[in-house]
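Novice: need a structure here:
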Amino acid sequence: MLKQNNNSFLMKHLVILFVTFLAAGCSVTKTTDDSELVMSLEKLQCLGSCPTYKLSIYNNRTAVFEGHQFTSMEGKFTTKLSKEKYHELIKQFQEAGFFEMEDVYTANIMDGQTTYIYFKYEGREKKILDYFKPPKPLRELEKMMENLVQTENWRKAK
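Specialist: Numbers count the residues shown, from 1 in each chain. Purely as a prediction, here's the structure:
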């Protein structure tokens with residue numbers, strides 16, 4: 001009986017993660033000025049006080065931060081990345097082998113924080129769901145993007 005309950009629990013959560021993954025993949029990647037989304041990092045809720053937000057970076061170097069809860073900035077903010085910072089981010093995604101990574105990193109646990117990280121470059125695009133124990137290069141990419149929230153000059157969006 002316990003094995004069946006564990007399998008049922010696992011299937012239920014895998015279906016929820018799969019549906020969430022599909023829905024997140026259907027998001028609009030264009031802004032009103034025809035710039036295209038190049039990379040994003042989205043942190044979803046956990047059972048505690050995990051920061052929830054979405055950071056989007058476009059090919060015109062505009063970055064948009066949407067802080068939802070437990071973040072230093074709540075609401076919508078924008079900044080313009082320097083050419084050097086923007087190209088360094090792209091280089092780091094390439095060097096990490098982002099397109100060769102798995103699509104999903106998860107485990108049968110309850111209170112992890114779901115993170116989506118997305119990258120589009122030279123006709124290829126990929127979104128990874130990170131729920132538990134990602135490889136070190138993926139975690140470093142996530143940290144690099146998280147650090148932008150602290151290091152860039154953000155302005156409240158109108």
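
Novice: Tell me the confidence at the residue sitting nearest the centre point of the chain?
Specialist: With distances taken as CA atoms, centre = their mean, Leu41 lies nearest the centre of the chain, 2.4 Å away. Predicted confidence (pLDDT) at Leu41: the value is 98.

Novice: what's the offset of the helix or strand hosting it from the middle of its chain?
Specialist: Following DSSP states H and E, one finds Leu41 within strand 37-43. Centroid displacement of strand 37-43 relative to its chain, using CA atoms, centre = their mean, to the nearest Å, is 5 Å.

Novice: Can you list the strands that it pairs with?
Specialist: Counting by DSSP bridges, the strands paired with strand 37-43 are strand 52-58 (antiparallel), strand 115-121 (antiparallel).

Novice: Just after the first one, pick out the following helix or strand.
Specialist: Of the helices and strands lying after strand 52-58 in sequence (DSSP H and E), the nearest is strand 62-69.

Novice: What are the buried residues along that following strand?
Specialist: For strand 62-69, a neighbour-count test (16 or more other CB atoms under 10 Å) marks Thr62, Ala63, Val64, Phe65, Glu66, Gly67 as buried. All C-beta atoms are positioned from the backbone trio N, CA, C, and that covers glycine.

Novice: Ramachandran coordinates for Gly112?
Specialist: The phi/psi pair for Gly112 (degrees, to the nearest 10) reads phi -80, psi 160.
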